[in-house]
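Colleague: The sequence and its predicted three-dimensional model are supplied below.
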Amino acid sequence: MEVVVIASASFFAALLTFFSGFGLGTLLMPIVALFFPPAIAIAITAVVHFANNILKFFLVAKDADKKVLLYFGVPAVFFAFLGAYLLGFLSDMKPIYEYTLFNKDFFITPIKLSIGVLILFFVVFESLPFFAKAALDKKWLPLGGVLSGFFGGLSGNQGAFRSMFLLKAGLTKEQFVATGVVLAVMVDGARMMLYKESFLLDATIEWSMVAIAIGAAFFGTLVGNRVLKKVSIEFIRKMVSVLLVVISFGLMGGLI
């Protein structure tokens with residue numbers, strides 16, 4: 001049963017997040033956690049996420065906007081280090097609220113509550129008519145990289161902030177997807193180097209399940225790559241907004 005559920009979740013998460021540029025781990029991990037302890041669920045999700053990003057990199061990296069990679073990516077990588085380093089000091093902060101749902105414990109922490117509120121603020125602000133039609137001047141790309149990298153290192157949700165800024169950078173749908181993929185590989189590499197715990201070393205991973213999940217995610221990504229030619233940038237904008245709202249409430253509610 002768990003094989004079918006996890007494989008299906010991997011496929012649909014990879015397909016949806018191919019367009020948005022973020023959210024695969026956020027969508028997949030809770031499903032995997034239904035069948036495995038948290039440490040193992042995180043480990044499985046991390047491997048699937050990393051492998052899928054590598055596949056996307058080879059599929060679309062050629063379309064990435066080099067100027068955006070430079071002006072956005074370099075500050076993002078640097079501040080991802082800073083955010084991940086700061087997380088080491090803030091990780092011991094006590095939760096604001098704790099509750100139990102379906103026999104599972106959930107914790108609302110100051111960091112996640114703050115990130116969730118910030119993401120929701122950006123979504124609401126972006127929906128305002130005067131801002132929705134505006135394009136982001138290239139001079140603001142370094143600031144976007146700073147915010148994306150820092151909050152990504154701090155919370156692990158750098159993809160949400162990255163997509164918000166890239167959508168306003170005047171990129172084509174192909175450039176948006178490709179640039180987001182390359183930036184994800186850059187920032188995640190920096191972030192993972194500073195996290196103190198390695199679930200890949202501590203957890204006993206069921207590698208057969210990992211292989212199945214990766215295969216399903218690869219299939220979802222390949223389908224997404226084919227469908228990309230048929231969707232519009234407006235469709236991608238709407239998908240990003242929906243996922244941002246889901247993630248923001250998930251963070252504020254302690255579900256993520």
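Modeller: Nice, I can see it. Since this is a predicted model, take the numbers as computed values, not measurements.
Colleague: Hmm, Phe19 is touching Asn225, no?
Modeller: No. Using C-beta atoms under 8 Å, Phe19 makes no contact with Asn225, being 10.2 Å away. The way it works is simple: take the backbone N, C-alpha and C, and place the C-beta from them, glycine included.
Colleague: If you count surrounding residues, which of those two has more?
Modeller: Neighbours per residue, other C-beta atoms under 10 Å: of Phe19 and Asn225, the larger number sits with Phe19, 23 against 16.
Colleague: what sits against that one?
Modeller: Applying C-beta atoms under 8 Å, 6 or more residues apart in numbering, one finds that Phe19 lies in contact with Val177, Gly224, Leu228, Val231, Phe235, Ile236, Met239, Val240.
Colleague: and the first one, how many residues sit next to it?
Modeller: The number of residues packed around Val177, counting by other C-beta under 10 Å, is 24.
Colleague: Excluding chain neighbours, what is closest to it?
Modeller: Nearest residue to Val177 in three dimensions, chain neighbours excluded: Val60, at 5.7 Å (C-beta to C-beta, 6 or more residues apart in numbering).
Colleague: How about the contacts made by the one you found?
Modeller: When contacts are counted by C-beta under 8 Å, 6+ apart, Val60 touches Glu174, Val177, Ala178, Val181, Asn225.
Colleague: what's the answer for Met239, then?
Modeller: When contacts are counted by C-beta under 8 Å, 6+ apart, Met239 touches Leu16, Phe19, Ser20.
Colleague: Tell me where the stretch 101-250 of the chain has strands.
Modeller: For the stretch 101-250 of the chain, applying DSSP state E, counting those that start in this stretch gives strands covering 104-108.
Colleague: Confirm that Met29 sits in a helix.
Modeller: Yes. Secondary structure assignment places Met29 in a helix (DSSP: H, G, I helix; E, B strand; the rest coil).
Colleague: got a pLDDT number for it?
Modeller: With respect to pLDDT, Met29 has a value of 80.
Colleague: And for it, the neighbour number?
Modeller: Per other C-beta under 10 Å, the neighbour tally for Met29 reads 20.
Colleague: ok, now the one 3 residues further on?
Modeller: Here the number of neighbours of Val32 (other C-beta under 10 Å) works out to 25.
Colleague: isn't it right up against Ala7?
Modeller: No. Val32 sits out of contact with Ala7 when judged by C-beta under 8 Å, with a separation of 10.9 Å.
Colleague: Mutual contacts of these two, please.
Modeller: Counting by C-beta under 8 Å, 6+ apart, the common neighbours of Val32 and Ala7 are Ala213.
Colleague: in the protein, which spans are helices?
Modeller: In the chain, the segments counted as helices under DSSP state H are 2-20, 24-32, 38-60, 66-68, 74-90, 110-127, 129-132, 141-155, 158-166, 173-194, 199-202, 207-227, 233-252.
Colleague: Tell me which residues are up against the second one.
Modeller: Contact partners of helix 24-32, identified using C-beta under 8 Å, 6+ apart, comprise 5-6, 9-10, 12-14, 16-17, 41-42, 44-46, 48-49, 52, 156-157, 213, 217, 247, 250, 255-256.
Colleague: How far off centre is that helix?
Modeller: Relative to its chain's centre, helix 24-32 lies at 11 Å (C-alpha atoms, centre = their mean, to the nearest Å).
Colleague: picking that back up, now the buried members of the contacts of Phe19.
Modeller: Neighbour counting with 16 or more other C-beta atoms under 10 Å marks Val177, Gly224, Leu228, Ile236, Met239, Val240 as buried within the contacts of Phe19.
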